[in-house]
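Colleague: build me a structure from this.
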Amino acid sequence: MVKVGVSTEAQVSDSDLIQVVFEEGARFYIRTIYDNGARYEDSEAGFNDLEQNMMLSLKGEFVGDVFHAKEIWMNKTA
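Modeller: Numbers count the residues shown, from 1 in each chain. Model (predicted):
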């Protein structure tokens with residue numbers, strides 16, 4: 001599982017980025033977080049639900065320097 005939090009204002013050099021490939025059949029989920037993290041609700045999602053600067057959790061594996069994601073969790077707060 002890879003999880004990285006970076007400020008949307010942060011300057012990140014290209015050398016600090018990793019390439020992510022979504023495996024065929026990868027599963028996408030949205031985790032909606034309520035009450036400052038007191039509870040959450042998960043629902044199925046798709047690639048089109050990804051948004052810029054969204055916090056993601058990725059489950060998969062590295063093949064060389066490329067991360068192959070099999071599960072993608074998109075976090076939203078309500």
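Colleague: local confidence estimate at the residue lying farthest from the centre of the chain?
Modeller: Computed with Cα atoms, centre = their mean, the maximum C-alpha offset from the centroid of the chain is found at D35, amounting to 21.0 Å. As predicted, D35 sits at a pLDDT of 93.
Colleague: next one: M55
Modeller: With respect to pLDDT, M55 scores 85.
Colleague: residues touching the nearest residue to it once chain neighbours are set aside, list them.
Modeller: Spatial nearest neighbour of M55, chain neighbours left out: N75 (4.3 Å); criterion: Cβ to Cβ, 6 or more residues apart in numbering. C-beta coordinates here come from the backbone N, C-alpha and C atoms, glycine included. When contacts are counted by Cβ atoms under 8 Å, 6 or more residues apart in numbering, N75 touches 30-31, 33, 54-57.
Colleague: where in the protein is pLDDT low?
Modeller: Along the chain, segments meeting pLDDT under 70 span 1-10.
Colleague: just want the most central residue of it.
Modeller: Going by Cα atoms, centre = their mean for the chain, the residue that ends up nearest the centre is L56, at 2.0 Å.
Colleague: just checking, that one is part of a helix?
Modeller: No - the assignment for L56 is strand, going by DSSP: H, G, I helix; E, B strand; the rest coil, so no helix is present there.
Colleague: so for the strand ranked longest in the chain, what gets flagged as buried?
Modeller: Secondary structure of the chain per DSSP state E: the longest strand is strand 19-34. With burial defined by 16 or more other Cβ atoms under 10 Å, the residues of strand 19-34 counted as buried are 22, 26, 28-31.
Colleague: what packs against that strand?
Modeller: strand 39-45, strand 66-77 (3 or more Cβ pairs under 8 Å, 6 or more residues apart in numbering; DSSP states H and E).
Colleague: partner strands of the last one, with direction?
Modeller: The strands that strand 66-77 pairs with in its sheet are strand 19-34 (parallel), strand 55-63 (antiparallel) (by DSSP bridges).
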